[in-house]
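Enquirer: I would like the atomic coordinates for the input below:
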Amino acid sequence: MKIRRATAADNQALILLSELTAMEGKFVLHVERRPNFFSLLNERGTFIVFVAEVSNSIVGSIASSNQKATIAGKSREYHYISDLKVHPNHRNSSIAYRLTKTMYRHLISVKAEILISTSIAGNKNIHPFFNGRLGIPKFTHLAELTGYQLLPYYTRLPKKLNAVESTMNSNLAELSTFYNSCKSAYALAPITEPRDLKNKTNLVIRRNNHIVAALSYCDHSALKQNVIRQIPTYLDYLLKTFNAITLLVPNLQIPQTGKPLRLLYISRIAAKPGHIDKIKN
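Expert: Numbers count the residues shown, from 1 in each chain. So this is what the prediction gives:
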């Protein structure tokens with residue numbers, strides 16, 4: 001087996017590896033990456049990917065993306081670790097640890113100071129890596145994050161929303177400055193640059209020509225596809241009940257197992273003090 005840096009020529013092999021591996025916890029979630037495995041990483045920032053090869057076939061991967069954030073009030077660079085994947089036929093090998101060790105040595109060589117990674121709840125296979133092993137330092141548990149999904153349906157917008165300004169690629173410098181001005185209240189907050197808002201729908205509310213609330217969202221389906229393969233039994237029954245209800249509620253879309261989730265991601269959301277209700281509405 002050999003470990004090397006990935007190249008663009010590895011795209012199809014990495015897409016296949018993504019489809020063969022899943023995040024297994026309370027849910028079994030496949031994050032597929034058609035048509036370009038590297039597009040999502042490029043969206044995050046400068047990145048590097050290492051792959052493991054056995055008999056000229058890619059059987060493992062790990063990635064790191066450089067990003068900037070305000071951490072404890074200071075602007076810092078951190079490295080987001082992702083895409084630790086091992087082919088099902090090699091799960092009981094040392095491939096995952098060798099990939100992790102290779103990435104760790106690379107990050108040490110570039111003088112990385114802060115590493116951040118996440119895992120789905122109940123994914124016990126990743127815990128040994130977070131707990132430290134074979135020379136890999138232990139990660140510090142920061143928080144448990146809850147992801148919320150709003151189920152949309154068609155409705156007539158209230159008149160009070162007419163004051164919302166919607167833009168795509170204009171005034172991005174002004175909007176990024178606004179988001180950065182609102183981050184001081186958080187221990188960890190992303191630093192927003194104009195490139196982070198490009199090709200996103202940006203909803204803005206102004207008062208006296210100044211932004212007081214904003215929300216930016218995008219469709220990542222061209223970069224990745226989230227497919228839930230298995231869910232707890234009680235949720236399976238619940239989804240089937242909701243699917244029956246959709247016959248009575250026009251345009252209500254309910255997630256289904258085995259099919260890509262149709263998602264819009266809120267990438268940034270902020271409001272000046274006293275204007276939080278404008279975001280809620």
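Enquirer: Can you show me the strands along the protein?
Expert: Assigned by DSSP state E, the strands in the chain fall at 2-5, 23-24, 28-32, 47-54, 57-71, 74-86, 115-116, 165-167, 188-190, 201-207, 210-218, 225-230, 265-271.
Enquirer: quick one: which of those is nearest His106?
Expert: strand 47-54 (6.7 Å; C-beta to C-beta). Any C-beta I mention is one placed from the backbone N, CA and C, and that applies to glycine too.
Enquirer: Provide the contact partners of the closest one at residue level.
Expert: Under the criterion C-beta atoms under 8 Å, 6 or more residues apart in numbering, residues 1-6, 10, 13-14, 38, 41, 58-66, 83, 86, 90, 95, 98-99, 102-103, 106 lie in contact with strand 47-54.
Enquirer: count of residues packed around the nearest residue in space to Asn226 that is not next to it in sequence?
Expert: Distances taken as C-beta to C-beta, 6 or more residues apart in numbering place Leu261 nearest to Asn226, at 4.7 Å, with adjacent residues excluded. Other residues within reach of Leu261, judged by other C-beta atoms under 10 Å, total 15.
Enquirer: hey, least reliable of the strands of the chain by pLDDT?
Expert: Ranked by mean pLDDT, the strands of the chain bottom out at strand 23-24, which scores a mean of 78.
Enquirer: Distance from that one to the middle of the chain?
Expert: Chain-centre distance of strand 23-24: 15 Å, with C-alpha atoms, centre = their mean, to the nearest Å.
Enquirer: Check which strands are paired with that strand and give the direction for each one.
Expert: Strand 23-24 has the following strand partners under DSSP bridges: strand 28-32 (antiparallel).
Enquirer: Report the contact partners of Tyr179.
Expert: 192, 214, 268, 270.
Enquirer: hang on, the earlier thing: put the buried members of the contacts of strand 47-54 into a PyMOL selection.
Expert: Here is the PyMOL command that selects only those of those that count as buried (16 or more other C-beta atoms under 10 Å):
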select buried, resi 3+6+10+13+14+38+41+58+59+60+61+62+63+64+65+83+86+95+98+99+102+103+106
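Enquirer: could you dump the strands of the chain to a markdown table with distance to Asn131?
Expert: Formatted as a markdown table, the strands of the chain follow (distance: least, C-beta to C-beta, whole Å):
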| stretch | distance to Asn131 |
| --- | --- |
| strand 2-5 | 22 |
| strand 23-24 | 18 |
| strand 28-32 | 22 |
| strand 47-54 | 21 |
| strand 57-71 | 17 |
| strand 74-86 | 14 |
| strand 115-116 | 14 |
| strand 165-167 | 45 |
| strand 188-190 | 21 |
| strand 201-207 | 40 |
| strand 210-218 | 34 |
| strand 225-230 | 26 |
| strand 265-271 | 30 |
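Enquirer: picking up where we left off before, doesn't Val227 make contact with the residue nearest to Asn226?
Expert: Yes: using C-beta atoms under 8 Å, Leu261 is in contact with Val227, at 7.3 Å.
Enquirer: joint contacts of these two?
Expert: Residues touching both Leu261 and Val227 (C-beta under 8 Å, 6+ apart): there are none.
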